[in-house]
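Chemist: The following comprises the amino acid sequence and a computationally predicted model.
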Amino acid sequence: MKLHELLERMVKKDASDMFVTAKLPVSAKINGELQPIDDVVLTAEESLGLVYDAMNDKQKNQFNNDKECNFAIEIDDIGRFRISAFWQRDMAGMVVRRIVTDIPDVDDLGLPPILKDVVMSKRGLVLFVGGTGTGKSTSMASLIGYRNRNSYGHILTIEDPVEFVHEHGKSMITQREVGLDTASFDAALQSSLRQAPDVILIGEIRSQEIMEHALSFAETGHLCIATLHANNANQAIDRIMHLVPADQHGKLLFDLALNLRGIIAQQLVPTKDGHSRIAAIEVLLNSPYI
């Protein structure tokens, strides 16, 4: 079985993730449930072969030296995929996440109408939170698409990797991928204001430095949209506080009070028929009480 055939099967079954590991058949997560999509139990050599099929020479060298490698691929007529390759028990494996390139419409996703107002804000920090695979990137892409269609300006995204490819609309869109277009989130963020953006999308807030950049963007009159791993709005605040030392909590809370526009928490729940999933969304907007 060749990699592109497995990817075609993954797309046909509308799977979100595909898992390649030795001693098991290739499996995929369909509507949140893991199930095999092939009958053949992979040997260690076959698993390594599939991993190598996804890589170029530079990625193979990184994989063998660092024992892991994260990257994105695009295959004509099949789609874009984000890949995390790794070694486990001296055997190669990888997880392939499907990147849906069609920008979904806000109304088609059933997002709360208030989010249209949020994404059209002139300034502030907007955080999308939720676990892995809960549709945060999809919701953000739809809102960026809405702003792109309805507002003039410059939208800058910094992602690892780029998941949704936006075309220029009323806005000009610049999409930078970590590892391809810039060395790191930090390097891209440091130079971002020189690119005169109106909106800055940060793929994920992972550190104190990135959090400080996000707040600084909001404070200087930009709309900054970012994701954070947390299950709900309350947990998001706790997660932010844990990014900085305790002696800086007072300043951080003050900055959040001034600049936070809102927190959107999302998870996917099964539909009544069990054949698909829809987003359950919590929206916390900043207010004097908050």
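Modeler: Noted; the coordinates are in hand.

Chemist: Where does pLDDT dip in the stretch 101-250 of the chain?
Modeler: By pLDDT under 70, the stretch 101-250 of the chain has no low-scoring segment.

Chemist: what are the ranges of the strands in the stretch 151-290 of the chain?
Modeler: Using DSSP state E, counting those that start in this stretch, the strands of the stretch 151-290 of the chain run over 153-159, 171-177, 199-202, 223-228, 260-270, 277-285.

Chemist: Which parts of the chain belong to which domain?
Modeler: 3-99, 106-285 (automatic domain parsing).

Chemist: okay, the ones you listed in CSV with mean neighbour count next?
Modeler: Glycine gets a C-beta too; all of them are placed from N, C-alpha and C. As requested, the domains of the chain are exported to CSV (neighbours: other C-beta atoms under 10 Å):
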stretch, mean neighbour count
domain 3-99, 16
domain 106-285, 18
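
Chemist: Could you point out which of the strands of the stretch 151-290 of the chain sits nearest residue 110?
Modeler: Closest of the strands of the stretch 151-290 of the chain to residue 110 is strand 277-285, at 6.6 Å (criterion: C-beta to C-beta).

Chemist: Show me the strands paired with that closest one, marking each as parallel or antiparallel.
Modeler: Counting by DSSP bridges, the strands paired with strand 277-285 are strand 260-270 (antiparallel).

Chemist: C-alpha coordinates for the strand it pairs with, CSV please?
Modeler: Taking Å, rounded to 0.1, in the frame of the first residue of the first chain, the C-alpha atoms of strand 260-270 are listed here in CSV:
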residue,chain,number,x,y,z
LEU,A,260,-8.7,41.0,26.1
ARG,A,261,-11.6,41.1,23.6
GLY,A,262,-12.9,37.6,24.3
ILE,A,263,-12.3,33.9,24.8
ILE,A,264,-14.0,31.3,22.6
ALA,A,265,-14.0,27.8,24.0
GLN,A,266,-15.0,25.0,21.6
GLN,A,267,-15.5,21.3,21.6
LEU,A,268,-17.1,18.9,19.1
VAL,A,269,-20.1,16.8,20.1
PRO,A,270,-21.8,14.0,18.2
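
Chemist: Please work out the average pLDDT along that strand.
Modeler: If you average the pLDDT over strand 260-270, you get 93.

Chemist: what comes into contact with that strand?
Modeler: The contact list for strand 260-270 (C-beta atoms under 8 Å, 6 or more residues apart in numbering) reads 31-32, 115, 118, 121, 123-131, 133-136, 139, 218, 223, 230-233, 236-237, 276-286, 290.

Chemist: Can you check what angle separates it from strand 223-228?
Modeler: Using axes from the mean of the first three to the mean of the last three C-alpha atoms, to 10 degrees, the inter-axis angle of strand 260-270 relative to strand 223-228 is 40 degrees.

Chemist: is it true that residue 39 touches residue 24?
Modeler: No - look at residue 39 against residue 24 with C-beta atoms under 8 Å: they stay out of range, at 11.3 Å.

Chemist: one step back: could I get the strands of the stretch 151-290 of the chain as JSON lines with distance to residue 76?
Modeler: Shown next, in JSON lines, are those (distance: least, C-beta to C-beta, whole Å):
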{"stretch": "strand 153-159", "distance to residue 76": "22"}
{"stretch": "strand 171-177", "distance to residue 76": "19"}
{"stretch": "strand 199-202", "distance to residue 76": "27"}
{"stretch": "strand 223-228", "distance to residue 76": "29"}
{"stretch": "strand 260-270", "distance to residue 76": "29"}
{"stretch": "strand 277-285", "distance to residue 76": "29"}
